[in-house]
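> A predicted structure for the sequence below; I have some questions about it.
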Amino acid sequence: MERASQIALVVLAIIAVVAALNALGEIAAPMALALVMGVVFSPLSRLWSHLGLGAAGGAAASLTLSLLFICLLGLLLHPLAAQLVEQAPKVWADAQDLVRAVRGLASGLADATREISQAAVPQANAAPPLPPTAAPADQGMVEMPSVTDALMVAPAVAGQVMTFVGTLFFFLLTRNEIYDWVARRLASPAQRGQVAARLRDAEVTVSRYFLTITAINAILGLATGIALQAMGLPGAWMWGVVAFLLNYIVYLGPAALILALTFAGVAHFDGAMVLLPPLAFFFLNLIEGQFVTPALVGKQMELNPLLVFVALLFGIWLWGAIGGIVAIPLLLWAVVLRHGAVLPATE
């Protein structure tokens, strides 16, 4: 009975924590992203320390580099986004042509079926032909957000940016003190040093994993850009950057890019050529997922695919795109800590 009560309390605690994280998503999501980036930047922090920079100087340097990187990505992706918006009318017209062609094919099949039915039964018993139905009016395009809408959203976005910047800076500044504090709270005095060391080992493992995945994504993005450039797709190198970014969100990121490349193929090509961009990325991603990543990541950092998929879905449900980005690093950290028996004092 006591064991069942403990399990029930644990379940209730988990539900309460998930509900709180969901309710506080505007704060918790940028904080989680900042913590993950702080772990990824831990090698930089050690480099700044070896170069003689203090804790504050190293944290400021890492923060500056991260913000410059984010701004650079924004500048690179802006022309591609503007290009897609500009070409949306052509894609919309092509989609309407496809819908009309499908409707015509379906109408022809219906007429042929009706004629066969009329020929097979007496004319008196044949049902009169149905009057043609008017095609539904085309729905209007979705209105673009106005300046007022942007001004309403701006304070929330600014708050999330400040949360991210502050959390990343102070984590980089005090991460060793944080690990020591966690060790004091979770372990006995004799085991605190071991727990703190294993927390740092988990940080190194996650950082190494993330940096390896970053290198793989960079190669995938480069190969995608080369393939799309060879096809003559405008903005091919920008699509390579998008492939680099979206591949961090396993499963769903590549699927979203395949849809986007289908959109771009319809906008720029005709006929069977519209399928070449998504098919090219599909095969490149297949090679990366089946051969490159398993060879470079190694067996020691592999995770169960079902566990990865569930963690990804949970992260996206909880915090959207940010949750999809941080889900796998946080899962890996938890698995490494669990494997290393980081919490001996709680047993």
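In hand now; what should we look at?
> surely Leu173 is in contact with Ser62?
No. The criterion here is Cβ atoms under 8 Å, and Leu173 misses it with Ser62 at 9.7 Å. Yep, even glycine has a C-beta here, placed from its N, CA and C like the rest.
> show me how far whichever strand or helix holds Thr212 is from its chain's centre.
Thr212 belongs to helix 192-231 when assigned by DSSP states H and E. Mean-position distance between helix 192-231 and its chain equals 15 Å (Cα atoms, centre = their mean, to the nearest Å).
> between Leu173 and Ser62, tell me which one has more neighbours.
Ser62 (26 against 21; other Cβ atoms under 10 Å).
> what sits against the more buried one?
With contact taken as Cβ atoms under 8 Å, 6 or more residues apart in numbering, Ser62 is in contact with 41, 44-45, 48, 168, 172.
> quick one, phi/psi of the residue most central in space within the chain?
Among the residues of the chain, the one closest to the centroid is Ile249, at 3.3 Å (Cα atoms, centre = their mean). Main-chain dihedrals, Ile249, degrees, to the nearest 10: phi -90, psi 90.
> chain neighbours aside, what residue packs nearest to it?
Gly324 (4.1 Å; Cβ to Cβ, 6 or more residues apart in numbering).
> for that neighbour, give its distance to Leu65.
23 Å (Cβ to Cβ, to the nearest Å).
> can you check Gly25 too?
From Gly25 to Leu65 the distance is 27 Å (Cβ to Cβ).
> could you pull out the strands in the stretch 101-250 of the chain for me?
Taking DSSP state E, counting those that start in this stretch, the stretch 101-250 of the chain contains no strands at all.
> what about this protein, any weak spots by pLDDT?
1, 80-102, 104-106, 108-109, 111-112, 115, 117-153, 298-302, 339-347 (pLDDT under 70).
> which other helices and strands does the helix holding Thr212 contact?
For helix 192-231, the elements it packs on are helix 25-40, helix 42-50, helix 147-186, helix 236-246, helix 276-287, helix 293-297, helix 321-339, judged by 3 or more Cβ pairs under 8 Å, 6 or more residues apart in numbering; DSSP states H and E.
> and the angle from the second one to helix 147-186?
What separates the directions of helix 42-50 and helix 147-186 is an angle of 70 degrees, with axes from the mean of the first three to the mean of the last three Cα atoms, to 10 degrees.
> and helix 42-50, what does it pack onto?
Against helix 42-50 (3+ Cβ pairs under 8 Å, 6+ apart) you get helix 55-120, helix 147-186, helix 192-231.
> again, 7 Å this time
Packing partners of helix 42-50 (3 or more Cβ pairs under 7 Å, 6 or more residues apart in numbering; DSSP states H and E): helix 55-120, helix 192-231.
> which residues sit against it?
57-58, 61-62, 172, 203, 207 (Cβ atoms under 7 Å, 6 or more residues apart in numbering).
> and for the first one?
Applying Cβ under 7 Å, 6+ apart, the external contacts of helix 25-40 come out as 21, 66, 156, 160, 163-164, 167-168, 171-172, 175, 203, 206-207, 210-211, 318-319, 322-323, 325-326, 329-330.
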